[in-house]
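Asker: after the sequence you'll find the predicted model.
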Amino acid sequence: MRRETLSFRQKGQAMLFGLLFLAVVVMTLLILYNQGQLVQNRIQLENAADAAVYSQAKLAARNQNFIAYTNRAMVANEVSIGQMVALLSWAKHYKNAGAFANYPLYKFPVAPPSPVTFSDVLSIITLPWQIMGTVVEAPTKVMVKTWPTVVSYFNGALGVFQKMFALATLEAQVEINLKVVEDHEKDPDKPEMYTPVVGWYFFTQNALLTYFGENFSPTNLASLVGDADTDDAEAEDLVADFLGDQVGELENMINNNSPGKSSSGNSSGGKNSNLNSSEEDDAAIEAYQRYAAIVNRNRESFTKDRHWDFGVGTDFSFPLTLDAGIVKLTIVLDLGFWAGLKNDGGTAYIGNDMEADSDIETLGWSSIDMTSFGIELYFGLFVNIEVCLPIIGCNDWTLLDIDVDIPIGFPLAGATHQLVSDTANAKKVMTDWGYPGMDDPGMYGGDGDDPLNDGAFDLFHLQGLLWGQVAPDLLPGMYGLNTTNDVTDTYGAPPSYYSLGGSFQESGVGYEFAIALTKSMDDIETTDHDAIGISGEADDWDGDNIGRGRFDVQTHSRAEGNDIAANYQQVIWGDDRPMMTVSAAETYFANPMQENADGSAEPASLFSPFWDARLKEPSAIAILIATGEIDWEEIFDGLGGETIEIIEWLLNAIGEKMVEAGVEYMLDQVDSPWDSVIEDPVNNAANAAKDVAVDAVVDQLEDYLP
């Protein structure tokens, strides 16, 4: 009896262990389910953020490459103008051969008492060249009068296209952000992810820094960072990292250059006048100096250097060595002789001193050609002493090393021509162009590797250069005083164009693109989610009645709570319980096919279309803004706190400060009566395009806002 009772009492023990094991299994499964849901949604959110911000940076890189292509087109168009001016100067200098044949030294008889002078002989010999120059000059003069106007208008239109494309790029970046987020939704009919207002602020921040960075104060940002529990040194480091080591005066990444205006295209007044720069800078001057240098570097050979020579020459060397054992003296005497004919010329894209904005408008084409005949004598003397002592060894010193050229040239032909936007900007006398013997190969011809090619201002042409100023048949000179014959004013001034800020030419990396995406924790189905019916009814888990499960409590966001920081984050993230993420990207320059002669990489510019995009870690500044430790509304004055308000403000600012300024500058270059004919159509087209872009974005944002 006792054994049966004991046996009965031992039944069911396995069930107890089974129930305990089942509880552990269920709890483990719940934890795995909860963590799986959290991880899955986090991955979805981060993938969407990475794709969206990379797409934004990729569109920005495309815009920068578009700028590069259009800038290169402008340069090519400028070079084509230079070719016309070079051809006209070249033709004129042959036409003027008769005026140079009247040089006073040619008035002596060839064989006295015959009345035939050297001048008469030269006039007959150069007659075919005079006829050729006269024939070529006539049609070329027409081309120089009309072609620059066409090119100036076309380059002006390209400048406007750059501004329009920049605006279209911003509009496309907004659209692609919305589309990428939509494509990453699990169920497109039930969208859960969205870009909160802080995400749209990041988008606006990049655009403002890129185009209007000069209006931004790094010092102000450093003080805001310093308030976010960081010391001064750490704050400066964070700001330097965020702004690309720009801790002083901040630069625009992309400058909008127009002659006579600051580099950002500032104008006075307007509802967005807070974008105006507080002080003038020299970014525009540097940009047009760079533009002129690139134009000159791309001149083809005829425009750059019209050199040829015909003659005979010989060199003699007389070495002498005096060796006294300990002391050895070496003397080398070199003598050279060349006689013949030299032609030099060159055409350059230059302006005045380029020290002020007003000098930019003086940029234009200047061309000079000279032909002379005569002799060049060369004298060289080299003296070297060598001393050899026991134990110490030998040492030598150069006592004398002299090279002297003595050119004696007589003028045969010469001419100049200038293409400017206003005859007041033209050079008038020879000293405005330069001076004989100046060491500047490449400006008006010249090759440093060719001893016979020192350009149009070679001392060999000294007499011709001086005669060109005082020749009776050329009065008041050939250098620009005769504006009717030697100056054409149909050039429309340099184009308005985008250039890259100086610091970005060195770094080759643009400002940070950041994006913030979020979804509500209420939309993530966990075991204590409202939709499953496990959690309580209370709305405030921080209240007296905690209605949320343990999983929700442990994974709550920093936006939850009732303090000021929580309330601020609830506003910028658009939810009181957000799952949030921040991603970043940047544009960068890298030409994989080209290096400089010294092996270094090609420097970044907006003339070379090798911009691309890549993801990067978000900067500490972006994280501080996203977490509410820095109030982004204090960084840029004038920004509102609503998504539509921010985007609409930005696009209107871009439209007003860039597109409208570009159109205005282009119309300023159009001569009467064509300016009045095209003014209304061009303005209407630009305003319509701007309004369409702004309205399209605003309408879409209204559909996508949480």
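Answerer: Received the coordinates, thanks.

Asker: dihedrals phi and psi, the most centrally placed residue in the chain?
Answerer: The centroid of the chain falls nearest to Leu500 when counting by CA atoms, centre = their mean (2.3 Å). For Leu500, the backbone dihedrals are phi -90, psi 140 (criterion: degrees, to the nearest 10).

Asker: what bridges to it?
Answerer: Beta-bridge partners for Leu500, by DSSP bridges, are Ile254.

Asker: for the remainder of this discussion, apply numbering that starts at 251.
Answerer: Yep, numbering from 251; the last one is Leu750 now.

Asker: that one contacts Leu856, doesn't it?
Answerer: Yes. The criterion here is CB atoms under 8 Å, and Leu750 meets it with Leu856 at 4.6 Å. C-beta here means a position set from N, CA and C on the backbone, and glycine is covered the same way.

Asker: need the overlap of contacts for these two.
Answerer: With contacts taken as CB atoms under 8 Å, 6 or more residues apart in numbering, the residues that reach both Leu750 and Leu856 are Ile504.

Asker: next SSE after the helix or strand containing Thr621?
Answerer: Thr621 belongs to strand 614-639 when assigned by DSSP states H and E. Later in the chain than strand 614-639, the nearest helix or strand by DSSP H and E is strand 643-669.

Asker: strand partners of that following strand, parallel vs antiparallel please.
Answerer: strand 614-639 (antiparallel), strand 737-738 (parallel).

Asker: what's the following helix or strand past that strand in contact with?
Answerer: Going down the chain from strand 643-669, the next helix or strand is helix 680-683, by DSSP H and E. By CB under 8 Å, 6+ apart, the surrounding residues in contact with helix 680-683 are 616, 618, 666, 677, 694, 707, 715-716, 718-719, 727, 729-730.

Asker: can you add distance to Gly624 and give the residues you listed back as JSON lines?
Answerer: As requested, these are exported to JSON lines (distance: CB to CB, whole Å):
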{"residue": "Ser616", "distance to Gly624": "26"}
{"residue": "Ile618", "distance to Gly624": "19"}
{"residue": "Thr666", "distance to Gly624": "21"}
{"residue": "Lys677", "distance to Gly624": "27"}
{"residue": "Tyr694", "distance to Gly624": "19"}
{"residue": "Phe707", "distance to Gly624": "16"}
{"residue": "Leu715", "distance to Gly624": "13"}
{"residue": "Leu716", "distance to Gly624": "14"}
{"residue": "Gly718", "distance to Gly624": "16"}
{"residue": "Gln719", "distance to Gly624": "19"}
{"residue": "Gly727", "distance to Gly624": "22"}
{"residue": "Tyr729", "distance to Gly624": "22"}
{"residue": "Gly730", "distance to Gly624": "27"}
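
Asker: ok, of these, which one's closest to Asp609?
Answerer: Nearest to Asp609, judged by CB to CB, of the contacts of helix 680-683 is Lys677 at 13.4 Å.

Asker: show me the shaky parts of the stretch 751-900 of the chain.
Answerer: For the stretch 751-900 of the chain, the stretches with pLDDT under 70 are 776-822, 824-826, 844-849, 886-900.

Asker: and the helices in it?
Answerer: Taking DSSP state H, counting those that start in this stretch as the test, the helices found in the stretch 751-900 of the chain are 752-757, 800-804, 814-823, 870-876, 893-904.

Asker: next, the closest residue to His557 other than its chain neighbours: phi, psi?
Answerer: Distance criterion CB to CB, 6 or more residues apart in numbering; nearest residue to His557, sequence neighbours excluded, is Asn703 at 4.7 Å. Note on Asn703: backbone dihedrals following degrees, to the nearest 10 are phi -130, psi 90.

Asker: which residues belonging to the strand holding Thr621 are considered buried?
Answerer: Residues of strand 614-639 classed as buried: 614-626, 628, 630, 632-635 (neighbour count, 16 or more other CB atoms under 10 Å).

Asker: does Tyr319 touch Pro859 like I think?
Answerer: Yes. At 5.6 Å, Tyr319 and Pro859 qualify as touching, with contact defined as CB under 8 Å.

Asker: domains for this structure, by residue range?
Answerer: Domain segmentation of the chain under automatic domain parsing yields 414-535+750-954, 552-744.

Asker: rank these by pLDDT, which is bottom?
Answerer: Lowest mean pLDDT within the domains of the chain: domain 414-535+750-954, a mean of 69.

Asker: just to revisit the earlier point, closest to Pro509 among the contacts of helix 680-683?
Answerer: Distances from Pro509 to the contacts of helix 680-683, taken by CB to CB, are shortest for Ser616, at 17.5 Å.

Asker: please name the nearest non-neighbouring residue to the closest one.
Answerer: That would be Gln668: by CB to CB, 6+ apart, it lies 5.2 Å from Ser616.

Asker: again, but for Phe452
Answerer: Using CB to CB, 6+ apart and skipping residues adjacent in sequence, the residue nearest Phe452 is Ala764, 4.0 Å away.

Asker: quick one: that neighbour and Thr831, what's the gap?
Answerer: 11 Å (CB to CB, to the nearest Å).

Asker: next one: Gly727
Answerer: Shown here: Gly727 relative to Thr831, a distance of 72 Å by CB to CB.

Asker: count the neighbours of the closest residue to Ile765 other than its chain neighbours for me.
Answerer: Spatial nearest neighbour of Ile765, chain neighbours left out: Val303 (4.1 Å); criterion: CB to CB, 6+ apart. Residues lying near Val303 (other CB atoms under 10 Å) number 32.

Asker: okay, now Phe707: neighbour count?
Answerer: Residues lying near Phe707 (other CB under 10 Å) number 27.

Asker: swap that for Val275, sorry
Answerer: Neighbours of Val275 (other CB under 10 Å): 10.

Asker: same check on the one 4 residues further on?
Answerer: Around Leu279 there are 11 other residues, counting by other CB under 10 Å.

Asker: doesn't it belong to a strand?
Answerer: No. Counting by DSSP: H, G, I helix; E, B strand; the rest coil, one finds Leu279 to be helix, located in no strand.

Asker: how confident was the prediction at it?
Answerer: We have a pLDDT of 74 for Leu279.

Asker: let me see the contact set for the residue nearest to Phe452.
Answerer: Ala764 makes contacts with 303, 452, 455-456, 832-834, 868-869, 872, as judged by CB under 8 Å, 6+ apart.

Asker: out of those, who's nearest Glu605?
Answerer: Distances from Glu605 to the contacts of Ala764, taken as CB to CB, are shortest for Asn456 (33.4 Å).

Asker: correct me, but the closest one touches Ala834?
Answerer: No. Using CB under 8 Å, Asn456 makes no contact with Ala834, being 10.0 Å away.

Asker: between these two, which one's more packed in?
Answerer: Each of Asn456 and Ala834 has its neighbours counted (other CB under 10 Å); Asn456 has more, 27 against 22.

Asker: which SSE is the more buried one in?
Answerer: Per DSSP H and E, Asn456 falls inside helix 447-462.

Asker: you'd agree Trp379 is up against Asn346?
Answerer: No. Trp379 lies out of contact with Asn346 (CB under 8 Å); the separation is 10.0 Å.

Asker: mutual contacts of the two, please.
Answerer: Here Trp379 and Asn346 have Ala663 as joint contacts, going by CB under 8 Å, 6+ apart.

Asker: more neighbours, these two?
Answerer: For the pair Trp379 and Asn346, the greater number of neighbours falls to Asn346 (28 against 19), based on other CB under 10 Å.

Asker: now for that one: which residues touch it?
Answerer: When contacts are counted by CB under 8 Å, 6+ apart, Asn346 touches 383, 663-665, 723-724, 728.
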